[in-house]
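> here are the coordinates; sequence isn't available:
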């Protein structure tokens, strides 16, 4: 079998090889190659021709077709001899060449095709190619051979036609093969071949003819062109593309070719666009998952209705029992209106006695500043605690100036005075020797301002009368001018504010500050009273202090009216707290597992 | 007669409101909350009128009208500042009233600081040192020992109570938690805590006593009404 | 710009506070200025009370107009507030009808609230040992019981000298010591808080 010439490097390869063993180029290219299959229905002569020259096969010089006429083979040998430049020694050693060939090449210069060749063969013979050494063989050879052929043709020498592109440039200077030598005979048998076969054959012949011409001196390539010479390493070692699997064109001028761009415009090939559904494709599994998610969301814990708390609980009953235990004795004591319990002894209470002595020492018509700084809720206690003191003051003829740092204080003061005047002994002789100066806003700021300038802080009373212009208060220019500053207070912070803001000014000028404090405030006012020097000269503590004052002043005030209920209530409270504590602790001890609420 | 009717009507209203509030003993209910709403409205309304009438009218407007030149330094600036402060009532304009609020806060802070120093710290410190001052003992020396013991207990109690509120700690070295001084931690603070427990007990008893007085007052009021109308 | 306004607020607070405080130290020198500033502050405190009441009305009005739950109570608040405003404005703070409203509406409610407190406190004291059983809790409870017993003569019995002595010991000695310590501590805290404001470290006025 004939070797397959590589279309890239032109080197022979075994016919069964798929890729060139030298440059790895595919031997079965996409270029149109006649699909010469041995099994194809081709004429025998053509088949035989293809078998000998597959992909421009070049048979080795050793191989000679058996049916090549001698005359043709001899011409091929001469042609080859003429192709070699005279300066180049034949590749084979002289002893290996036939004598006739050696003789031919030794002395005879390469001559162009002689007239011995038939006309048809000389026309078809390729231009003598310049025999080049292997290393100089490159892709430009075909150009140079073509150029030379052109020159020769221009000179009138018969030159073969120069193909536009041949693979001859990659071919070694080859000896004319039997197939080439048969080119001259092909015309007759080629008359039945398609034109392309004839063209290929003619090109081969032309190339060969070009090669048979006198050896041409290698062209002096310009440097830039020389630089463009691809190195052997640049040659692709692997096929750039395997187009064996590419589809062959079925229409158009490129019919049969593989891997080419379609000659047909795409729009001709357009098919009706596939209709895609706009519906979301949901698989069954996805539907199941969606259903599960919906179920989870639906079962998402909605605010579970808390179990209704039982209305009647042990603690609720316990609280009700405590309430009843307190209320019932008090109700009974109030309803009975007894006076069985003696009032507390004033002598045992220093604060009460100090207050009593202070009031007793006041001159008649002494201006007294009374501050109603307790909340209305403490009226029950404070009315009973302070009534005796104010009655004592009014009984001494003191002129009262009522003030308050609480917004409800003025009304409270009016209510207090009204209650005082509702007593049976006062119905016909009500107390009028007082002036309600109203409300001082600002808390500590107001007190400080009052301490520095009471006239400026409270220029008018609640009725809009200028009490400073005339009357008992006309002699008062500063707070120290009051004979006594009496504060009725239920809040520890208010008590402290009075002591801090007004107390220093009073002490400076020798004035006196006294307090009637609620039982919840008295413990925190006690340090001011018990210190030396005292900041609070007198202190009455709660209802018990008021009772002691009533005892000291021998008056029948509201403290007396509620004293039995008050003392009974205190005792019952102690009893209730004791019993309740014992029961609770016992309950907790008996049921250790339950936590107390 | 009208006054009598008004008084009776007022007593009835007071009676009903008392029962509505005392119903809280049974449990929180609509009547109790209604009574609270009425209380808030009445207290606010009275306070608003009192402030406008007693303070703004007589301390601001009347002086301006009667004698404007005499009180110019007091009335006009305070009136302008007060109107400026009213912007605090609007959520959009609230920030414009901050300067006036700053003035109020500054004056209030200074007043509080001055009062604390000159009204409590110095006098109470003086009183604590005078606890064992023989100048304040009984002239004839009666009960000197008890007086001395009393003074000592009060002084020690005051000091340990202050020590209990000392929470300064120091690091004891790597690997150990910061602790108070052992003297404070193991002796002074527990003693102070005991005094505080006693003081709070007295305060609690005082609050309870005041509340008991209010309870007795209400019981008397309710019984008086019932007996009056029976 | 915000920083500048903040700085102005701080300067105002510090300047006003410094003038008032120095009035304590130099009353003769700064007494007059101090009095003026205090008078301004009193007027402004009255305006501040009005702003508070106005805010209260706005809050309850918003509840009513937006039909929030339990808006009926807000309606009652507004109605009682407006009615009191009208009556008191016409009658005057010390007028008959003003005092009628005060005596028959406000006073009974406030006293009743404190009366309920008595039962609540008794219940709380009874359950105290169940919550926390420590030495200090025990001391607290014992003190409460002794003070209550010794506040007034015992019913039908009268004064008990032992109880009087105990009362004197607890109230006049032990409680005074603790109360003095508390007062000193509160005063120190007040000084610290006030100085922070006067130095601009704390700015409760929104600076």
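Received the coordinates, thanks. On a predicted model such as this, the values are computed, not experimentally measured, just so you know.

> list the contacts for residue A:484?
Residue A:484 makes contacts with A:358-359, A:362, A:366, A:368-369, A:393, A:398, A:511-512, A:514, as judged by CB atoms under 8 Å, 6 or more residues apart in numbering or on different chains. Placement of C-beta: from N, CA and C, glycine included.

> rerun that using 10 Å as the cut-off
Going by CB atoms under 10 Å, 6 or more residues apart in numbering or on different chains, residue A:484 touches A:355, A:358-359, A:361-362, A:366-370, A:393, A:398, A:400, A:506, A:511-514, A:537-538.

> swap in residue A:515?
Residues in contact with residue A:515, defined by CB under 10 Å, 6+ apart, are A:351, A:355, A:371, A:373, A:485-489, A:495, A:498-499, A:521-522, A:525, A:528-529, A:536-541.

> does any part of the lowest-mean-pLDDT helix or strand in chain B sit near chain C?
The helix or strand of chain B with the poorest confidence is helix B:182-183; it has a mean of 81 (mean pLDDT, DSSP states H and E). No - with CB under 10 Å from any CB of the partner chain as the criterion, chain C is not reached by helix B:182-183; the gap is at least 17.2 Å.

> so what's the gap between the helix or strand that comes right after that helix and the chain middle?
Next helix or strand after helix B:182-183 toward the C-terminus (DSSP states H and E): helix B:189-229. Taking CA atoms, centre = their mean, to the nearest Å, one finds helix B:189-229 lying 17 Å from the centre of the chain it belongs to.

> which stretches of chain C have low pLDDT?
C:207 (pLDDT under 70).

> which residue does it have closest to chain A?
Nearest residue of chain C to chain A, counting by CB to the nearest CB: residue C:126, 2.7 Å away.

> excluding its backbone neighbours, what's nearest that residue?
Leaving aside its chain neighbours, residue C:126 sits nearest to residue A:580 (2.7 Å; criterion: CB to CB, 6 or more residues apart in numbering or on different chains).

> again with residue A:450
With sequence-adjacent residues excluded and distances taken as CB to CB, 6+ apart, residue A:450 is closest to residue A:457, at 4.6 Å.

> contacting residues around that neighbour?
Residues counted as contacts of residue A:457 (CB under 10 Å, 6+ apart) are A:403, A:437, A:440-442, A:446-451, A:479, B:55, B:59, C:35, C:38-39, C:42.

> what average pLDDT does the host helix or strand of residue B:39 get?
Counting by DSSP H and E, the secondary-structure element that holds residue B:39 is helix B:30-50. Averaged across helix B:30-50, the pLDDT comes to 96.

> cool, and stretch A:445-460?
Averaging pLDDT along stretch A:445-460 yields 91.

> mind listing what the spatially closest residue to residue A:420 that is not a sequence neighbour touches?
Closest residue in space to residue A:420, ignoring its immediate chain neighbours: residue A:431 at 5.9 Å, by CB to CB, 6+ apart. Residues counted as contacts of residue A:431 (CB under 10 Å, 6+ apart) are A:390-391, A:393-395, A:400, A:417-418, A:420-421, A:423.

> quick one, grab the pLDDT at residue A:431.
Among the per-residue scores, residue A:431 holds a pLDDT of 88.

> so the longest helix seen in chain C versus helix B:30-50, what angle?
As assigned by DSSP state H, the longest helix anywhere in chain C is helix C:27-65. Comparing the axes of helix C:27-65 and helix B:30-50 via axes from the mean of the first three to the mean of the last three CA atoms, to 10 degrees yields an angle of 140 degrees.

> helix C:27-65 close to chain A?
Yes - judged by CB under 10 Å from any CB, helix C:27-65 comes into contact with chain A through C:27, C:31, C:34-49, C:53.

> likewise stretch B:95-109?
Yes - against chain A, stretch B:95-109 shows contacts by CB under 10 Å from any CB at B:104, B:107-108.

> now render the residues you listed as CSV, adding distance to chain C and neighbour count.
Compiled in CSV, these are given as follows (distance: CB to the nearest CB, whole Å; neighbours: other CB atoms under 10 Å in any protein chain shown):
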residue, distance to chain C, neighbour count
B:104, 5, 24
B:107, 4, 28
B:108, 7, 24
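
> narrow these to those in helices?
Among those, the members falling in helices are B:104, B:107-108 (criterion: DSSP H).

> what ranges in chain B fall below the confidence cut-off?
Along chain B, the model assigns pLDDT under 70 to residues B:1-3, B:172.

> pop the domain breakdown of it in here.
Per the record's domain assignment (automatic domain parsing), chain B is made up of the domains B:1-66, B:141-170+B:178-230.

> just the strands in chain A please.
Remark: strands of chain A, listed N- to C-terminal, are A:4-5, A:12-13, A:367-373, A:399-404, A:434-439, A:484-489, A:513-517, A:538-541; assignment by DSSP state E.

> mind putting the ones you listed into CSV with mean pLDDT?
Shown next, in CSV, are these (pLDDT from 0 to 100):
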stretch, mean pLDDT
strand A:4-5, 86
strand A:12-13, 88
strand A:367-373, 96
strand A:399-404, 95
strand A:434-439, 93
strand A:484-489, 96
strand A:513-517, 97
strand A:538-541, 96
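
> would you turn the ones you listed into TSV with distance to residue B:85?
Formatted as TSV, the strands of chain A follow (distance: least, CB to CB, whole Å):
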stretch	distance to residue B:85
strand A:4-5	108
strand A:12-13	107
strand A:367-373	25
strand A:399-404	23
strand A:434-439	18
strand A:484-489	29
strand A:513-517	33
strand A:538-541	38
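
> list the contacts for residue B:227?
residue A:335.

> now do residue B:226
Residue B:226 makes contact with A:335, B:15 under the criterion CB under 10 Å, 6+ apart.

> how near is the residue nearest to residue A:478 when sequence neighbours are not counted to residue A:440?
With CB to CB, 6+ apart as the criterion, residue A:478 has its nearest non-adjacent residue at 6.8 Å, and that residue is residue A:454. When CB to CB, to the nearest Å is the yardstick, residue A:454 and residue A:440 sit 9 Å from each other.

> list the residues that contact both of the two?
The contact sets of residue A:454 and residue A:440 overlap at residue A:403 (CB under 10 Å, 6+ apart).

> what residues sit buried inside stretch C:196-207?
Under the neighbour-count criterion of 16 or more other CB atoms under 10 Å in any protein chain shown, stretch C:196-207 has C:197-198, C:200, C:202-203, C:205-207 buried.

> next one: stretch C:175-190
Judged by neighbour count (16+ other CB under 10 Å), stretch C:175-190 contains these buried residues: C:175-184, C:186-188, C:190.

> now the residues you listed in TSV, with secondary structure and distance to chain B?
Compiled in TSV, the buried residues of stretch C:175-190 are given as follows (DSSP: H, G, I helix; E, B strand; the rest coil; distance: CB to the nearest CB, whole Å):
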residue	secondary structure	distance to chain B
C:175	helix	4
C:176	helix	6
C:177	helix	3
C:178	helix	3
C:179	helix	5
C:180	helix	5
C:181	helix	3
C:182	helix	7
C:183	helix	6
C:184	helix	6
C:186	helix	8
C:187	helix	4
C:188	helix	7
C:190	helix	4
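
> go through those residues and say which is closest to residue C:14.
Distance to residue C:14, by CB to CB, is smallest for residue C:190 among the buried residues of stretch C:175-190, at 17.8 Å.
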